[in-house]
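Q: Sequence and computational prediction follow.
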Amino acid sequence: TISYAANGATVENNNNCVTVTGGEVEITCAGDYDFSGSYSGADAQIRVYSPKSDSGVYLNLRGLTLTNTADAPIYAQMSSKTFVVAKSGTTNTLSDGSTRTKSYTYVNSNNETKVDTTSACIYAKDDLTIKGEGTLIVKGNYNNGIHTSNDLRFRGTTTINVTAANNGLKGKGIVDIENGTITIAATNGDGIKSDEGEDEGSVVDNKGIVNIKGGNITITKAGDDGIQAYNYIIVQDSVSEPNIKVTSTGKGIVSDNRVYINAGKIDISSGDDGVHSNQNVYFNGGYTTIAAPKNDGVH
């Protein structure tokens, strides 16, 4: 159990896997970790560095306000999986600094020495899942709101509010949304993005995907595209009926390869094309409304 106060963090019932230095908390083993309280400072960070051979690390937020004035408040440097859990009945707020000057040198699971800089408010190098029944507010003042270099998943009925200077949600491998109420304002970037394969110019199997299976998603502002994926985007009702509203300066829903709209209620208002693909667009179900006064509704 980790509690934050004006002078930093304190630990109770330490499992010998938690190191605290002021407001900096380093976790080096799998397990459940409960966080509460409020703290602001350049050292306000929960950092996960757990062997990938371990099971997952659960960061249970039980009424936490963490403001890092210089970096990311949550940084999952290495783990098999990291879970950020907004516990029922709690509101949790995470904010990062608007600039970055710090870099981290660490050894990854392949025994390679890496140098890294956090580029989001919640920043992970491995699989990341956001879940719970509480409320999570994410303020990405530097770049992205929530970012992982692998797969990003949303489970549970969490209420999530993300504001970001660039992209709201970015899972380089996959963004997979099953449920929850998610509101996103992305000032300069995409609301939701998955771009594995884009740099190489070729599709990577099971990567570069946005898969929406349910939930209520409102992208109130996207400085670029609303929902963007390199491989494909699929909207389906395998968990519940998705309700999606997109307001974007660029395209509403766009993929370099394929778009599948199989279910749900989708409302798009875009400055560029409403639904766009460089290959195929499939409408197999649902109700889609598009307002694209400057370009094509579907292209």
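A: Thanks, I have the structure now. Numbering: from 1, shown residues only.
Q: Helix or strand: which one has the closest residue to residue 156 other than its chain neighbours?
A: Residue nearest to residue 156 in three dimensions, not counting chain neighbours: residue 131, with 4.0 Å by C-beta to C-beta, 6 or more residues apart in numbering. Placement of C-beta: from N, CA and C, glycine included. Per DSSP states H and E: residue 131 is located in strand 128-132.
Q: How about residues contacting that strand?
A: Strand 128-132 is contacted by residues 61, 76, 81-88, 122, 136, 146, 148, 150-156, 158, 160, 171, 180 when judged by C-beta atoms under 8 Å, 6 or more residues apart in numbering.
Q: Now restrict those to buried residues only.
A: Using 16 or more other C-beta atoms under 10 Å as the burial test, those include 61, 76, 81-87, 122, 136, 146, 148, 150-156, 158, 160, 171, 180 as buried.
Q: Keep only those of those residues that are in strands.
A: 61, 76, 82-86, 122, 136, 146, 148, 151-154, 160, 171 (DSSP state E).
Q: Report the beta-bridge partner residues of the residue nearest to residue 156.
A: Taking DSSP bridges as the rule, residue 131 bridges to residue 85.
Q: and it, how many residues sit next to it?
A: Residue 131 sits with 20 neighbouring residues when counted by other C-beta atoms under 10 Å.
Q: what about it, distance to residue 88?
A: When distance is defined by C-beta to C-beta, to the nearest Å, residue 131 is 11 Å away from residue 88.
Q: Could you do residue 135 as well?
A: Taking C-beta to C-beta, one finds residue 135 at 10 Å from residue 88.
Q: just residue 218 next, same as before
A: 22 Å.
Q: Repeat that for residue 94.
A: 18 Å.
Q: same thing with residue 256?
A: As judged by C-beta to C-beta, residue 256 and residue 88 stand 39 Å apart.
Q: swap in residue 29?
A: For residue 29, the distance to residue 88 equals 25 Å [C-beta to C-beta].
Q: Check residue 136 too.
A: 12 Å.
Q: ok, now residue 35?
A: Per C-beta to C-beta, residue 35 is found 15 Å from residue 88.
Q: same check, this time on residue 162
A: 20 Å.
Q: same check, this time on residue 113
A: 41 Å.
Q: for residue 160, same thing?
A: Distance from residue 160 to residue 88, counting by C-beta to C-beta: 14 Å.
Q: With residue 153 instead?
A: Residue 153 is 19 Å from residue 88, by C-beta to C-beta.
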